[in-house]
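S.K.: fold the following for me, if possible:
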Amino acid sequence: MSESQLATSASSHIKIRFGLRWIPPAALCVLGLWIAANHLNQAIFVALNRSAAAWPETLWSAVTILGTGACAFALLAPTLIRAPRLMAAALMTAVFAGAFTHIIKPLVRTARPAAVLPPEQIHVIGDVLTSNSFPSGHSVTAFAFAALVVFHTAHPGRAAVWALPLAALVAFSRIAVGAHWPLDTLAGAAGGWLCGMAGEALSRRWTVWNRKAWRVAFALALLGLGAGLILSNLGYPQAVLLQQALAVLALIGGALALRHALLLRNPA
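M.R.: Got it, this is the predicted structure:
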């Protein structure tokens, strides 16, 4: 490849990364502002929740638990040996995402759909939730983890093709199960994307995660997460089999990563 071709490829790569950084959160914010300005939050929720009711409750239960932090970390378990920075980025992202979610929720104190709408206008799957609706924590998690995966890869454009739709499906599932308004999911998605981007960027600068002690700590954390996931009640009994499968994935990934870390002699 000639120098001009390399320069063109590098320029294209930079543009793709720049676009992926700012277009998704900007688009989500614009859509949210439009919904709010036109007072369509409740009407859109009712329409989407009703449409989603045509699909199996097991499907929405399974999709929605993927937005739980423990389940999201479990999905990363197989990457810990070969890509420890991804787990470090996830931990940093979790700090940002947790702060974003848990600072805003008690300040806004928005009632959830089940507390506002009559029973005949809402289809609820799983536990009935009534308070602290804004923003959607599951949407924050889904888009945060999507962002860190996208920006961690060498080809972010390709990763975004599947990561963004999957995150959007998880966010939509919060409407499908009757837990959140559309504005909750849009705000959570935009904030989560920025949190994931920040966590991934910070992991490039803070490199202690590559030391043996940190790899051991990550592995032990995965083992604890897997054990906790087995015992946890996520509020969606129809997704228990997926929950248990993710717990096993975390336990196996943690055990293999721990063995690998303990055998390391000269960690980078």
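S.K.: Phe73: which element?
M.R.: For Phe73, the host element (DSSP states H and E) is helix 69-75.
S.K.: the helix or strand following that helix: which residues count as buried?
M.R.: Once helix 69-75 ends, the next helix or strand along the chain (criterion: DSSP H and E) is helix 84-108. By 16 or more other CB atoms under 10 Å, the buried positions in helix 84-108 come out as 84-94, 96-98, 100-101, 104-105. (C-beta placed from N, C-alpha, C; glycine too.)
S.K.: now for helix 84-108, which elements pack on it?
M.R.: If you count contacts as 3 or more CB pairs under 8 Å, 6 or more residues apart in numbering; DSSP states H and E, helix 84-108 packs onto helix 69-75, helix 137-152, helix 182-205, helix 212-231.
S.K.: which is the succeeding secondary structure element to that helix?
M.R.: Downstream of helix 84-108 (by DSSP H and E), the next one is helix 113-116.
S.K.: which neighbouring elements make contact with that following helix?
M.R.: So helix 113-116, by 3+ CB pairs under 8 Å, 6+ apart, packs with helix 41-52.
S.K.: give me the neighbour count for Gly228.
M.R.: 12 (other CB atoms under 10 Å).
S.K.: what score does the nearest residue in space to it that is not next to it in sequence have for pLDDT?
M.R.: Nearest non-adjacent residue to Gly228, counting by CB to CB, 6 or more residues apart in numbering: Ala70, 6.7 Å away. At Ala70, the model reports a pLDDT of 96.
S.K.: can you report how many residues neighbour Ala70?
M.R.: Counted with other CB under 10 Å, Ala70 comes out at 18.
S.K.: that one: what's it in contact with?
M.R.: The contact partners of Ala70, by CB atoms under 8 Å, 6 or more residues apart in numbering, come to 225, 228-229, 232, 246, 250.
S.K.: try it again at 7 Å.
M.R.: The neighbours of Ala70, taking CB atoms under 7 Å, 6 or more residues apart in numbering as the test, are 225, 228-229, 232.
S.K.: try Ala190
M.R.: Applying CB under 7 Å, 6+ apart, the residues contacting Ala190 are 25, 28-29.
S.K.: switch to 10 Å and redo it
M.R.: In this structure, Ala190 makes contact with 24-32, 135, 139-140, 143, judged by CB atoms under 10 Å, 6 or more residues apart in numbering.
S.K.: most surrounded residue in those?
M.R.: Neighbour-wise, these (other CB under 10 Å) top out at Phe143, 34 neighbours.
S.K.: I'd assumed Thr185 was in contact with that one.
M.R.: Yes - with contacts counted by CB atoms under 10 Å, Phe143 reaches Thr185, the gap being 9.5 Å.
S.K.: can you mark which positions in stretch 232-250 are buried?
M.R.: Across stretch 232-250, burial judged by 16+ other CB under 10 Å covers 234-236, 238-239, 242-243, 246-247, 249-250.
S.K.: now do that stretch: distance from first to last residue.
M.R.: 14 Å (CA to CA, to the nearest Å).
S.K.: show me how far that stretch is from its chain's centre.
M.R.: With CA atoms, centre = their mean, to the nearest Å as the basis, stretch 232-250 stands 16 Å off its chain's centre.
S.K.: and the average pLDDT for that stretch is what?
M.R.: 97.
S.K.: also stretch 14-27?
M.R.: The model assigns stretch 14-27 a mean pLDDT of 92.
S.K.: right, I'll leave it there.
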